[in-house]
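>>> build me a model:
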Amino acid sequence: MTTTTKPAAPATAAAAARRPGAGALALRQGRLEITQFLRSRESVVFTMGFPIIMILIFAAIFSDEIAPGVSYTQYFITGMIATGLMTVSFQNLGIWIPIERDRGVLKRYRGTPMPKWVWFAGKVIMVVAVGVAETALLLAVSVALFDLELPGTTGKWLTFGWVSVLGVTACTLCGIAISSLARTARSGSAVVTPVALILQFISGVFFVFTNLPTWMQQVAALFPLKWMCQGLRSVFLPDSFAAQEPGGSFELGRVALVLALWCVIGLVLCLTTFRWTTKRDG
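Numbers count the residues shown, from 1 in each chain. Below you'll find the model as predicted:
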């Protein structure tokens with residue numbers, strides 16, 4: 001007497017149909033990352049509140065015009081928008097990824113069936129969502145309190161869009177890459193924060209860029225933040241201010257080239273240096 005077993009193909013097909021697709025997995029991971037970010041009150045307050053607090057402080061100290069029709073506050077706002085985007089991407093990722101690595105979170109992710117790219121997609125979704133919210137809040141405060149004029153043409157809004165996208169992409173990739181330099185969770189902030197602060201001081205965020213020493217301008221020109229600031233100045237400052245830039249114009253072509261180059265550099269560094277485990281894990 002022989003027995004036959006029914007094929008399990010229908011059950012297998014039904015199970016496969018219930019599995020979430022790649023896009024759904026990425027969105028779920030993104031929601032998880034956003035939820036974790038919101039649960040960290042310190043990160044929320046620092047990321048969302050720091051640019052606004054700095055604007056309020058510097059606006060109270062400096063009220064003079066730096067060029068006809070351009071106040072220091074208006075100039076400073078463009079730098080703080082760029083800094084806010086860098087904070088939510090480069091600085092936050094560079095600090096939080098070492099914490100997750102040290103706690104074994106990344107090791108556990110690597111051991112699950114979930115594709116590795118989903119974890120990275122979740123980080124990107126979090127950066128984009130928080131970056132948009134932070135920028136919108138900063139613009140709202142600047143318009144309400146400091147009479148910031150929003151871009152009046154489609155071309156300037158498009159420039160604002162591609163400068164922000166390229167800048168956030170470059171900073172996100174560099175943040176993931178620099179996270180591998182931290183040996184422990186505690187050292188993440190010590191590695192990333194000084195780099196972020198130095199870049200802010202030399203890239204024309206706190207001071208008018210052309211007032212900085214020439215050698216400092218040349219060093220800043222090697223990194224993305226300077227070009228993010230310059231691109232955003234072309235959006236929020238009058239066209240006449242272009243003559244005040246080092247090159248006599250906003251050099252948007254060079255801004256795009258440098259930021260795109262840093263996207264490539266950041267991607268290469270991520271692929272070659274990223275670690276899922278600490279050195280003690282082997």
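
>>> which stretches of the chain have low pLDDT?
Applying pLDDT under 70 to the chain picks out residues 1-20, 279-282.

>>> spatially central residue for it, please.
Among the residues of the chain, the one closest to the centroid is Ser89, at 2.7 Å (C-alpha atoms, centre = their mean).

>>> pretty sure that residue is touching Ala177, no?
No: using C-beta atoms under 8 Å, Ser89 makes no contact with Ala177, being 11.8 Å away. Quick note: C-beta positions are derived from backbone N, CA and C, even for glycine.

>>> about what we covered before: so who does the residue nearest to the centre of the chain touch?
Val127, Gly131, Val168, Cys171, Thr172, Gly175 (C-beta atoms under 8 Å, 6 or more residues apart in numbering).

>>> turn those into a markdown table, columns for distance to Ile95 and neighbour count.
Below are the contacts of Ser89 laid out as a markdown table (distance: C-beta to C-beta, whole Å; neighbours: other C-beta atoms under 10 Å):
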| residue | distance to Ile95 | neighbour count |
| --- | --- | --- |
| Val127 | 13 | 25 |
| Gly131 | 16 | 24 |
| Val168 | 17 | 25 |
| Cys171 | 13 | 32 |
| Thr172 | 13 | 27 |
| Gly175 | 9 | 27 |
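
>>> endpoint to endpoint, stretch 107-121 covers what distance?
Distance between the boundary residues of stretch 107-121 (C-alpha to C-alpha, to the nearest Å) amounts to 17 Å.

>>> list of residues touching that stretch?
With C-beta under 8 Å, 6+ apart, stretch 107-121 has contacts from Ala22, Leu25, Ala26, Gln29, Gly30, Arg101, Leu106, Ile176, Trp276, Thr277, Asp281.

>>> with respect to Lys123, which of the residues you listed is nearest?
Nearest to Lys123 out of the contacts of stretch 107-121 is Ile176 (C-beta to C-beta; 7.3 Å).

>>> what's around the closest one, how many residues?
23 (other C-beta atoms under 10 Å).

>>> for Phe201, what are its contacts?
Contacts of Phe201 (C-beta under 8 Å, 6+ apart): Phe207.

>>> what helix or strand is it on?
Per DSSP states H and E, Phe201 falls inside helix 187-202.
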